[in-house]
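Q: build the 3D model from these lines:
(2 chains)
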2 protein chains.
Amino acid sequence: MPRSTRPGGRTARTKAVVFEAAAALVAEQGHEAIAMTDIAARAGVAATSLYRRWGDVRTLLMEVAVDRLNADSPMPNTGSLRSDLRTWARRIAAGLTAPGGSPFFRTLVATAPAPGPAATGGDMERITAFGPRLQQIAVMLDRAAARGEAAPPLMDVIDHLLAPLYMRALVGAPISAAFAHDLADRLLA
Amino acid sequence: MPRSTRPGGRTARTKAVVFEAAAALVAEQGHEAIAMTDIAARAGVAATSLYRRWGDVRTLLMEVAVDRLNADSPMPNTGSLRSDLRTWARRIAAGLTAPGGSPFFRTLVATAPAPGPAATGGDMERITAFGPRLQQIAVMLDRAAARGEAAPPLMDVIDHLLAPLYMRALVGAPISAAFAHDLADRLLA
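A: Numbers count the residues shown, from 1 in each chain, chains lettered A, B, ... in the order given. Presented below is the predicted three-dimensional model:
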């Protein structure tokens, strides 16, 4: 069987081409104006296959952003969970307050589901889009548990470390490194 | 001095007219396409005075949304802080998961500051826009303190009750009434 028809290989290559096309379009024109058909045309694939795989353009753009976040900003691995969480929280705070802003924050906000955002039809695609980041956080927590450290549940990290940082960015409240450290310490208290 | 030139009265009337014009435009065409000049034209006031008072259209739209939120959804006053917090969190969860979605969530996301979102130039306008809601929450906490109940700091309520609910809506994670109750209980633990 020729390599080009092996499902796994072809799927991975298509994904890489689609992600690259989507990222280029976002860089050129922002999130708002991009349609699934634009990404399909740029990637040279059928729009129907993009709809089949990602459902809608918001989910695809969110997956691209998470993929990039994981590549550019891997979870810290300092040898202690407290230090990992503090480092990570401080890095998010720095990104959210940087002059250029955080590309991931912009995507998160630009692709937020419009009607009945959670626990309805579209939510599982969203959690899938964010899923690869959740997996990286879970690996960090597993490393801590393997070292014998007490690790909080995965969703507590989302709800009480990530959420306050992003919420403050949404309402424009101050975000300092000290605040980031406090969130990490509070999670382990 | 004729009443129409009294600063307080005229300011309040102008604000009411401007808020009504902005709300009508949002209802008709959503947030994205609205410019300060559209609101000025609809309200019959000079755009320069809107810029002087609100800085930019995002701040104005956020103030309108907070004003409406305070009117439509006053903070609970049940006689106990635990019950107030649980009722409020459950109500937010219900709004975020309703089929039509939460108008306030849509505004929060649509008016999120784009570059360097927090702790830079624009942040104080944002905190001012959200300020009237913070004041209502502070009143609820003050009532509890006056009853002799232990009340958490105001920003803890934002960071650990509001933020997890909105973050879950942003990433499409499940939001249940039980989760809302847990957030309230955790805040008082």
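Q: all contacts plus neighbour counts: C-alpha atoms, from now on.
A: Noted.
Q: apart from its neighbours in sequence, what residue is nearest residue A:129?
A: residue A:63 (4.7 Å; Cα to Cα, 6 or more residues apart in numbering or on different chains).
Q: tell me which element that neighbour falls in.
A: helix A:57-72 (DSSP states H and E).
Q: what does the lowest-mean-pLDDT helix or strand in chain A rub up against?
A: Lowest on mean pLDDT, DSSP states H and E among the helices and strands of chain A sits helix A:123-146, with a mean of 86. Contact with helix A:123-146 is made by A:54-55, A:59-60, A:62-63, A:66-67, A:70, A:74-77, A:80-81, A:117, A:150-152, A:154, B:171-174, as judged by Cα atoms under 8 Å, 6 or more residues apart in numbering or on different chains.
Q: tell me how far the next helix or strand after that helix is from the chain's mean position?
A: Once the chain leaves helix A:123-146, the next helix or strand it forms, by DSSP H and E, is helix A:154-157. Its chain's average C-alpha position is 15 Å from that of helix A:154-157, according to Cα atoms, centre = their mean, to the nearest Å.
Q: and what of stretch A:85-100?
A: The answer for stretch A:85-100 is 15 Å, by Cα atoms, centre = their mean.
Q: do it and chain B meet at all?
A: Yes. Using Cα under 8 Å from any Cα of the partner chain, stretch A:85-100 reaches chain B at A:95, A:96, A:97, A:98, A:99, A:100.
Q: who wins for neighbours among these?
A: In terms of neighbours by other Cα atoms under 10 Å in any protein chain shown, the residues of stretch A:85-100 next to chain B top out with residue A:96 at 27 neighbours.
Q: pretty sure it sits against residue A:105.
A: Yes. Under the criterion of Cα atoms under 8 Å, residue A:96 makes contact with residue A:105 at 7.3 Å.
Q: so what sits against both of the two?
A: Common neighbours of residue A:96 and residue A:105 (Cα under 8 Å, 6+ apart) are residue A:166.
Q: residues in contact with the residue sitting nearest the centre point of chain A?
A: Residue closest to the mean C-alpha point of chain A, counted by Cα atoms, centre = their mean, is residue A:66 at 3.0 Å. Shown in contact with residue A:66 (Cα under 8 Å, 6+ apart): A:104, A:129, A:130, A:132, A:133.
Q: mind putting those in TSV, distance to residue B:163 and neighbour count included?
A: Putting the contacts of residue A:66 into TSV (distance: Cα to Cα, whole Å; neighbours: other Cα atoms under 10 Å in any protein chain shown) gives the following:
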residue	distance to residue B:163	neighbour count
A:104	17	18
A:129	20	24
A:130	17	22
A:132	22	16
A:133	19	19
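Q: how about those residues, which pair is most distant?
A: A:104 and A:132 (13.7 Å; Cα to Cα).
Q: picking that back up, pull out the buried members of the contacts of helix A:123-146.
A: Buried members of these, scored by 16 or more other Cα atoms under 10 Å in any protein chain shown, are A:54, A:59-60, A:62-63, A:66-67, A:75-76, A:81, A:117, A:151, A:154, B:171-174.
Q: how much space separates residue A:180 from residue A:60?
A: 30 Å (Cα to Cα, to the nearest Å).
Q: ok, residue A:16 next?
A: The value you get for residue A:16 to residue A:60, if Cα to Cα is used, is 12 Å.
Q: what ranges do the helices span in chain A?
A: Along chain A, counting by DSSP state H, helices occupy A:7-29, A:36-43, A:47-54, A:57-72, A:81-97, A:103-110, A:123-146, A:154-157, A:163-171, A:177-188.
Q: many thanks, we can stop here.
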